[in-house]
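Asker: sequence and predicted structure are below.
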Amino acid sequence: MSIEGLVSKYIASAEHVLGKIEIVETCTSLDADRLEKVLDSARAYLADAKYYRDEERFETSLASVAYCEGLLDALKLLGVVKFEWPMTREQESEK
């Protein structure tokens with residue numbers, strides 16, 4: 001897969017997650033305002049990834065979307081959000 005294809009795939013996955021993400025009610029010390037700041041940062045990295053993709057700066061786009069995914073995964077690991085990354089057609093056919 002080309003870097004352009006990889007960037008587009010990761011951007012679509014991050015868009016999917018941010019569109020369906022659920023915030024979990026927990027006893028964590030992460031308050032709602034801080035959680036929203038992290039989600040805002042993830043959204044900003046995603047916007048950067050799209051911008052750089054459109055400018056054909058694919059390496060920078062890939063780094064930006066990777067930061068977005070990292071923030072989302074960290075929130076999931078902390079148990080403050082719920083989501084599933086979308087499966088690719090290849091993953092679905094492996095089931």
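Answerer: Ah, there it is. Residues are numbered from 1 along each chain as shown.

Asker: the strands in the chain, which residues?
Answerer: Using DSSP state E, the strands of the chain run over 22-23, 81-82.

Asker: any idea how far the first one is from the middle of the chain?
Answerer: The gap between the average C-alpha position of strand 22-23 and the chain average comes to 14 Å, counting by C-alpha atoms, centre = their mean, to the nearest Å.

Asker: who does that strand pair up with?
Answerer: Counting by DSSP bridges, the strands paired with strand 22-23 are strand 81-82 (antiparallel).

Asker: what mean pLDDT does the strand it pairs with get?
Answerer: Throughout strand 81-82, pLDDT has a mean value of 91.

Asker: re the thing from before, tell me the most buried of the strands of the chain?
Answerer: Highest mean neighbour count of these: strand 81-82, a mean of 16 (counted as mean count of other C-beta atoms under 10 Å). C-betas here are computed from N, CA, C, even on glycine.

Asker: contacts for that strand next, please.
Answerer: With contacts defined as C-beta atoms under 8 Å, 6 or more residues apart in numbering, strand 81-82 is touched by 21-24, 35, 72, 75-76.

Asker: among those, who's most crowded?
Answerer: Greatest neighbour count in those, by other C-beta atoms under 10 Å, goes to Leu72: 23 neighbours.

Asker: correct me if wrong: that residue contacts Arg43.
Answerer: No: look at Leu72 against Arg43 with C-beta atoms under 8 Å: they stay out of range, at 10.2 Å.

Asker: got any residues that touch both of those two?
Answerer: Shared contacts of Leu72 and Arg43, counting by C-beta under 8 Å, 6+ apart, come down to Leu18.

Asker: helices of the chain, start to end?
Answerer: 3-20, 32-54, 58-78, 89-94 (DSSP state H).

Asker: right, so the ones you listed: which one is the most enclosed?
Answerer: Per residue and on average, the most neighbours among the helices of the chain fall to helix 58-78, with a mean of 18 (mean count of other C-beta under 10 Å).

Asker: which other helices and strands does that one contact?
Answerer: helix 3-20, helix 32-54, strand 81-82 (3 or more C-beta pairs under 8 Å, 6 or more residues apart in numbering; DSSP states H and E).
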